[in-house]
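Undergrad: Could you look at this predicted model? Sequence included:
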Amino acid sequence: MSRDGVPVRCPGCGRDHVYVPPAYPCACGAPLAPPIQRGAPPSPITHRTWTDTWVTVRCRSCDLQSQWPQPELGCSCGTVLRVPVRPVTTPSPATPPATTPLAPPAPTTAVPRAPAPPPSAPAGARARGAFRPRTIRTAHDTVTAAALYLVWLGFRELYRAEPRPASGIDLRGRGLVARVDPTTLPASPGAIECLWLHAMTAEACGVHFSLAGYTREALLRADDLWVPLFVLDLAGTPQPVNAAARELVASGA
């Protein structure tokens with residue numbers, strides 16, 4: 001499909017966004033992105049089920065059908081939007097077939113592995129290569145995806161708490177405590193305050209990740225406490241939600 005952006009309006013706050021679906025290599029090596037259904041309104045994600053988090057996509061080069069993560073967009077108001085995808089039974093608009101793969105052939109698997117382009121770092125920031133996400137299928141994968149991203153940001157000596165402690169702190173590292181919420185409900189202000197208290201005690205940076213976004217109250221509390229908030233999509237790519245998160249991405253650890 002076209003790599004042009006698709007206009008998406010958040011039904012919660014009315015903000016307009018331009019969504020570009022990430023392209024990953026098919027098993028045949030051709031770049032493939034879910035075909036967004038233009039004109040269809042997005043829906044807020046308030047509850048996740050296994051069926052709703054995957055869509056069937058057909059490769060135009062080899063006709064292979066496989067399961068790919070449902071496209072999602074995190075709005076700055078804290079709402080996570082499900083972006084509608086054309087069903088594979090709906091004929092696609094005629095487009096010239098790809099003649100040259102844009103990515104090297106991937107192993108024979110239907111799981112997308114290539115990352116979305118990472119944010120560009122400003123002058124003076126530590127040079128980083130492309131972030132390589134981990135597809136999320138389980139709660140354990142959610143913590144792994146967050147850990148990989150924190151390492152990419154520059155945090156070192158990370159270790160995961162197994163099993164998850166009552167404090168809710170899933171990851172610790174040098175100068176870092178992080179909480180990862182894999183549930184289907186938006187994170188609450190209490191979760192943000194708990195993380196901030198642990199960060200203050202450890203004299204560390206507190207970072208929060210969520211699959212289902214954040215309540216409005218949680219967003220306001222995070223801004224007051226300057227806690228970086230990220231939303232994870234099912235491809236495993238975190239997106240910054242607030243100014244503290246965007247500053248962390250720009251400067252690195």
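TA: Noted; the coordinates are in hand.
Undergrad: any weak-confidence spans in this structure?
TA: Low-confidence segments of the chain (pLDDT under 70): 1-4, 27, 48-53, 89-127, 163, 166.
Undergrad: Tell me where it has helices.
TA: Along the chain, the segments classed as helices by DSSP state H run 139-153, 189-202, 216-225, 243-251.
Undergrad: For these, state which one has the densest average packing.
TA: helix 139-153 (a mean of 20; mean count of other Cβ atoms under 10 Å). No exception for glycine: its C-beta is placed from N, CA and C like everyone else's.
Undergrad: Report the angle between that helix and helix 243-251.
TA: Angle, helix 139-153 to helix 243-251, by axes from the mean of the first three to the mean of the last three Cα atoms, to 10 degrees: 50 degrees.
Undergrad: Residues contacting helix 139-153, please?
TA: The contact list for helix 139-153, computed with Cβ atoms under 8 Å, 6 or more residues apart in numbering, reads 118, 128, 131-136, 158, 160, 170-171, 173, 176, 178, 180, 182, 207, 209, 211, 230, 232, 236-238, 248-249, 252-253.
Undergrad: Repeat that for stretch 213-222.
TA: Contact with stretch 213-222 is made by 45, 74, 77-80, 186-189, 191-193, 208, 227-229, 231, 241-242, 244, as judged by Cβ under 8 Å, 6+ apart.
Undergrad: May I see the ChimeraX selection of the buried members of the residues you listed?
TA: Remark: buried members of those, expressed as a ChimeraX selection using 16 or more other Cβ atoms under 10 Å:
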select :45,74,78,79,80,186,187,189,191,192,193,208,227,228,229,231,241,242,244
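Undergrad: Just the contacts of stretch 213-222: which are in strands?
TA: Counted as lying in strands by DSSP state E, out of those, are 74, 80, 208, 229, 231.
Undergrad: Turn these into JSON lines, including distance to Cys62.
TA: Converted to JSON lines, the ones in strands among the contacts of stretch 213-222 look like this (distance: Cβ to Cβ, whole Å):
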{"residue": "Gly74", "distance to Cys62": "32"}
{"residue": "Val80", "distance to Cys62": "32"}
{"residue": "His208", "distance to Cys62": "40"}
{"residue": "Leu229", "distance to Cys62": "39"}
{"residue": "Val231", "distance to Cys62": "32"}
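Undergrad: Need the max-distance pair from those.
TA: Spanning the widest gap among the ones in strands among the contacts of stretch 213-222 are Val80 and His208, at 14.2 Å by Cβ to Cβ.
Undergrad: beta partners for Val57?
TA: Counting by DSSP bridges, Val57 is bridged to Ser66.
Undergrad: And the strands in the stretch 1-150 of the chain?
TA: 6-9, 16-19, 24-25, 31-32, 43-44, 54-58, 65-69, 72-74, 80-82 (DSSP state E, counting those that start in this stretch).
Undergrad: partners of the second one in the sheet?
TA: Counting by DSSP bridges, the strands paired with strand 16-19 are strand 6-9 (antiparallel).
Undergrad: Same check on the third one?
TA: The strands that strand 24-25 pairs with in its sheet are strand 31-32 (antiparallel) (by DSSP bridges).
Undergrad: hang on, the earlier thing: out of the contacts of helix 139-153, which are buried?
TA: Using 16+ other Cβ under 10 Å, the buried ones in the contacts of helix 139-153 are 118, 131, 133-136, 158, 170-171, 173, 176, 178, 180, 182, 207, 209, 211, 230, 232, 236-238, 248-249, 253.
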